[in-house]
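[1] After the sequence you'll find the predicted model.
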Amino acid sequence: MPIRTLDKNGNVITTVGFNRFGFDCEVSLDVLRSLYLRPHYVITASSPTATNDELEGKMEELQHARFTGGYGAYQSKSIFHPDSQSISYTTLSRFPPVKLLSPSQRKRILVTGGAGFVGSHLVDRLMILGHEVTVLDNFFTGSKTTVSHWVGHPNFEMVRHDVVEPFMIELNHLTILPRNIPPCMPCLPSHYQFNSVKTIKTSFMGTLNMLGLAKRTKARFLISSTSEVYGDPEVHPQHEDYWGHVNPIGPRACYDEGKRVAETLTYGFHRQDGVDVRVARIFNTYVPRICILISSTVNPFDGRVVSNFIVQALRGEDMTVYGDGKQTRSFQYIHDLVDGLIALMNSDETRPVNLGNGDEFTIGEFAELVRDIVEKVQREDGVEPRRVNIIYKPMPTDDPQKRRPDTTRAKQTLQWEPRWTVRMGLEEMVRYYKAKMVEGSL
Ligand SMILES: O=c1ccn([C@@H]2O[C@H](COP(=O)(O)OP(=O)(O)O[C@H]3OC[C@@H](O)[C@H](O)[C@H]3O)[C@@H](O)[C@H]2O)c(=O)[nH]1
């Protein structure tokens with residue numbers, strides 16, 4: 001059965017993007033899905049001893065077709081040989097179709113952090129829309145596999161570079177997404193300690209270098225800021241004029257204060273040097289792609305709540321809620337965020353803009369919702385699920401108690417609002433993680 005996704009109004013979602021500001025950026029959801037749901041499909045080679053090989057192979061092909069919606073030709077299909085525990089990689093024979101833009105319409109866009117969580121999805125979208133994209137990434141949390149399906153494409157370039165060092169290139173647009181935050185792992189404060197200086201250094205030096213680049217090239221500059229600039233907020237929901245409530249010396253400060261200073265730098269260059277800036281404050285976002293922290297030996301996934309809960313439930317392990325589970329968050333799906341980033345980049349709005357989904361959950365409720373969805377997907381796939389327990393662990397220091405975006409500004413100036421329900425996005429996330437597990441990548 002093909003995957004059917006409904007939006008908040010009950011309409012079927014077949015495309016993402018929009019036609020606005022005299023600019024069409026709609027793309028097919030199936031094409032995008034073929035890039036993240038099963039980007040590197042692995043077929044298991046026939047074992048000489050097995051009797052029903054042919055059938056197994058057919059089943060794998062069928063499952064593959066279901067995930068890729070007929071776009072399998074744009075993927076590499078690698079072969080796993082169980083006997084020798086080896087894998088033969090193939091390269092893509094054809095890239096997904098990209099729009100053919102005239103040279104005046106085609107932008108040269110630099111995406112820093114372009115192999116990361118959010119960056120890689122933005123890169124997919126910009127590539128399909130026909131732009132020339134250069135990805136700059138130090139691959140600290142990003143992975144080359146998130147964008148490797150574009151390697152070799154004439155519009156694509158990937159550079160291993162750390163934005164704390166200057167970088168020279170000619171371009172029109174610059175999007176900066178170096179988030180570089182260690183996942184919130186309260187049991188492992190060593191992660192914060194290990195990364196905190198690097199985190200704030202990346203935010204400050206990286207933003208400074210990229211603003212200098214934008215100034216020289218007269219490129220439009222978009223910075224991905226965060227809801228963390230509001231800290232543990234005393235105003236609810238958070239609107240852009242709220243100044244925030246941040247502990248400047250706590251374990252989260254490297255990230256919160258790093259992004260605050262990045263915003264300060266951005267507006268400094270805007271006022272002083274006339275750099276054309278856009279500032280997106282991104283609220284909690286969940287993304288079907290895995291970015292692994294290389295120093296992590298405990299969790300083979302990113303450590304944020306959505307991936308933690310899904311992987312725990314799929315593995316039949318206890319789901320870990322931190323604190324009493326009464327803290328709240330609002331979760332947006334990646335496609336809504338990318339729509340918002342593109343709308344912002346193409347608008348005239350230079351003030352900060354919140355991008356997030358207003359549907360707020362306590363983390364306790366959210367754990368139950370994720371458990372229900374994992375069970376539903378397992379049942380649909382013919383597996384009788386085993387109900388996992390929800391257990392409670394200590395609360396991380398300075399964990400914000402409440403968070404929900406006020407997105408009035410985004411609605412008014414970008415005509416943007418999230419289309420994906422949390423349930424629909426989570427179902428897709430569960431399918432993604434299931435596929436990763438079957439593949440042996442988790
Ligand atoms: O296994 C878990 C993980 C997390 N949590 C809780 O779930 C909530 C959300 O935690 P996450 O780590 O996913 O995200 P946070 O809201 O703390 O920070 C996030 O917010 C904004 C972004 O800019 C950051 O990149 C991101 O880390 C927190 O209250 C956390 O304590 C659990 O209860 N269990």
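    Alright, I've got the coordinates.

[2] now check the longest helix belonging to the chain, is it near the ligand?
    When the chain is parsed with DSSP state H, its longest helix is helix 253-273. No: using Cβ under 6 Å from any ligand atom, helix 253-273 never reaches the ligand; the gap is at least 7.1 Å. The C-beta positions use only the backbone N, C-alpha and C, and glycine is treated the same way.

[3] can you check stretch 234-246 too?
    No: shown here: stretch 234-246 not in contact with the ligand (Cβ under 6 Å from any ligand atom), separated by at least 11.6 Å.

[4] Other residues contacting that stretch?
    227-233, 253, 256-257, 260, 281, 351-354, 358, 360, 402-406, 408-409 (Cβ atoms under 8 Å, 6 or more residues apart in numbering).

[5] Go ahead and build a ChimeraX selection from the buried members of these.
    Those of the contacts of stretch 234-246 that count as buried under 16 or more other Cβ atoms under 10 Å are selected in ChimeraX with:
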select :227,228,229,230,231,232,233,253,256,257,260,281,352,353,354,360,402,403,404,405,406,409
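
[6] Could you pick out which of the contacts of stretch 234-246 are located in helices?
    Those of those lying in helices (DSSP H): 253, 256-257, 260, 408-409.

[7] Distance-wise, check Trp243 relative to Pro352.
    Trp243 sits 11 Å away from Pro352, going by Cβ to Cβ, to the nearest Å.

[8] average pLDDT for whatever helix or strand Met424 lives in?
    According to DSSP states H and E, Met424 maps onto helix 422-439. In this model, helix 422-439 carries a mean pLDDT of 90.

[9] That helix close to the ligand?
    No: contact of helix 422-439 with the ligand (Cβ under 6 Å from any ligand atom) is absent, the minimum separation being 12.8 Å.

[10] distance between that helix and the chain's centre?
    14 Å (Cα atoms, centre = their mean, to the nearest Å).

[11] low-scoring stretches of the stretch 201-350 of the chain, by residue?
    291-302 (pLDDT under 70).

[12] Could you rerun that using 90?
    Across the stretch 201-350 of the chain, the ranges flagged by pLDDT under 90 are 251-252, 255, 289-304.

[13] Which strands or helices does the helix holding Met424 pack on?
    When contacts are defined as 3 or more Cβ pairs under 8 Å, 6 or more residues apart in numbering; DSSP states H and E, helix 422-439 packs onto strand 40-44, strand 285-286, helix 305-315, strand 332-333, helix 363-380.

[14] Nearest to the ligand, out of these?
    Nearest to the ligand, of all the helices and strands packed on helix 422-439, is helix 305-315, at 3.5 Å by Cβ to the nearest ligand atom.

[15] can the closest one be found next to the ligand?
    Yes: Helix 305-315 comes into contact with the ligand (Cβ under 6 Å from any ligand atom), by way of 305, 308.

[16] Give me the angle between that helix and helix 363-380.
    For helix 305-315 against helix 363-380, the angle by axes from the mean of the first three to the mean of the last three Cα atoms, to 10 degrees is 40 degrees.

[17] Would you mind listing the outside residues contacting helix 305-315?
    284, 286, 290, 299, 301, 318-320, 329, 331, 363, 366-367, 370-371, 374-375, 378, 388, 426, 429-430, 433-434, 437, 442.

[18] And the residues you listed, which of them are buried?
    Looks like the contacts of helix 305-315 have 284, 286, 290, 299, 301, 319-320, 329, 331, 363, 366-367, 370-371, 374-375, 378, 388, 426, 429-430, 433-434, 442 buried, using 16+ other Cβ under 10 Å.

[19] Tell me the secondary structure at Met127.
    At Met127, secondary structure determined by DSSP: H, G, I helix; E, B strand; the rest coil is helix.

[20] count of neighbours near it?
    A count of nearby residues for Met127, using other Cβ atoms under 10 Å, gives 24.

[21] That one touches Val98, doesn't it?
    Yes: if you go by Cβ atoms under 8 Å, Met127 and Val98 touch, sitting 5.7 Å apart.

[22] residues shared between the contacts of the two?
    Joint contacts of Met127 and Val98 (Cβ under 8 Å, 6+ apart) are 153, 155.

[23] Please identify the residues of the chain in proximity to the ligand?
    Residues of the chain lying near the ligand (Cβ under 6 Å from any ligand atom): 179, 181, 184, 226-228, 284, 304-305, 308, 320-322, 327, 329, 363, 396, 399.

[24] try it again with 8 Å
    179, 181, 183-184, 186, 226-228, 252, 255, 259, 282-285, 303-306, 308-309, 312, 319-323, 325, 327, 329, 363, 366-367, 393, 395-396, 399-400, 403 (Cβ under 8 Å from any ligand atom).

[25] Put the buried members of the residues you listed into a ChimeraX selection.
    Buried subset of the residues of the chain next to the ligand, written as a ChimeraX selection, criterion 16+ other Cβ under 10 Å:
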select :179,181,183,184,186,226,227,228,252,255,259,282,283,284,285,303,304,305,306,308,309,312,319,320,321,322,323,325,327,329,363,366,367,396,400,403
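
[26] Distance-wise, check Gly119 relative to Leu355.
    From Gly119 across to Leu355, the span is 15 Å (Cβ to Cβ).
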